[in-house]
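A.B. asks: When you get a sec, could you give me coordinates for this:
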Amino acid sequence: MTWSVSSCFITLVVLFLWRIEDIAEACKCAPVHLQQAFCSADVVIRAKVVGVEVVSGNTKYDIQQIKMFKGPDRVIHAVFTSSSSASCGVTLEINKEYLFTGRMSTDGSMHLVMCDFIQYWEDLNGTQKKSLTQRYQSGCDCTIIRCSSLPCPVSAPDECLWTDLLLADGQSGPQAKYSACLKGRDWSCAWYRMAPSKK
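C.D. replies: Predicted coordinates:
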């Protein structure tokens, strides 16, 4: 009887730990180039977080929209996210300015998840900020292929190989910070480095 209870207990512990691991794995996000995030998002905005409240199991962040780079022709006053990090919810700081990429739901509200591109506005460099209005949109016909270990093949002319990920801090590499994947005169895609901007 004691062996049976112990065996059941061990089985339950193993199942519990396995379930916790599944939850922890649920929000693993692959690194994404800002151009990719821009192109795949419904909405890209610069906004300041000014308030927070929990609404029906979700967190609603009231925002002051500063600039719409991509999205509907109207001002967005709030973004929604899950209240649980296990469900890919995000935590934002009040009175901080962010760049948000996200999705529009059928009811017209903007939703964020952990794998969206969410970064403090002040952490973007001038080239990235300028590219939000001038470059990234024109590169949406191109595909950025992540390369985290060699060899990394490019199989089509509309692809750019993102090799920053081979560096120790790939998100801060030159392709991420100063380049856009754009079509050239021959209609194939390639990295174009933009001169660093101080703004």
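A.B. asks: In this protein, what helix or strand scores lowest on average pLDDT?
C.D. replies: Every helix and strand in the chain was compared by mean pLDDT, DSSP states H and E; the lowest is helix 2-25, with a mean of 45.
A.B. asks: which other residues reach the next helix-or-strand element following that one?
C.D. replies: Later in the chain than helix 2-25, the nearest helix or strand by DSSP states H and E is helix 34-40. Contact with helix 34-40 is made by 44, 69-70, 101, 116-117, 124, 128, 131-132, 135-137, 139-140, 144, 176, 180-181, as judged by Cβ atoms under 8 Å, 6 or more residues apart in numbering. All C-beta atoms are positioned from the backbone trio N, CA, C, and that covers glycine.
A.B. asks: separation between residue 91 and residue 61?
C.D. replies: As judged by Cβ to Cβ, to the nearest Å, residue 91 and residue 61 stand 10 Å apart.
A.B. asks: The two: who's more crowded?
C.D. replies: A side-by-side neighbour count of residue 91 and residue 61, using other Cβ atoms under 10 Å, places residue 61 first with 23 against 11.
A.B. asks: ok, residue 141 to residue 55 distance?
C.D. replies: Residue 141 is 38 Å from residue 55, by Cβ to Cβ.
A.B. asks: Now do the helices in this protein.
C.D. replies: 2-25, 34-40, 126-134, 174-178 (DSSP state H).
A.B. asks: which of the contacts of helix 34-40 count as buried?
C.D. replies: Buried members of those, counted by 16 or more other Cβ atoms under 10 Å: 44, 69-70, 101, 116-117, 124, 128, 131-132, 135-137, 139, 144, 176, 180-181.
A.B. asks: Show me those that map onto strands.
C.D. replies: When these are checked against strands (DSSP state E), the matches are 44, 69-70, 101, 144, 180-181.
A.B. asks: Output the residues you listed in CSV, with pLDDT and distance to residue 37 appended to each entry.
C.D. replies: Converted to CSV, these look like this (pLDDT from 0 to 100; distance: Cβ to Cβ, whole Å):
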residue, pLDDT, distance to residue 37
44, 98, 8
69, 97, 11
70, 96, 10
101, 97, 4
144, 95, 10
180, 95, 13
181, 96, 13
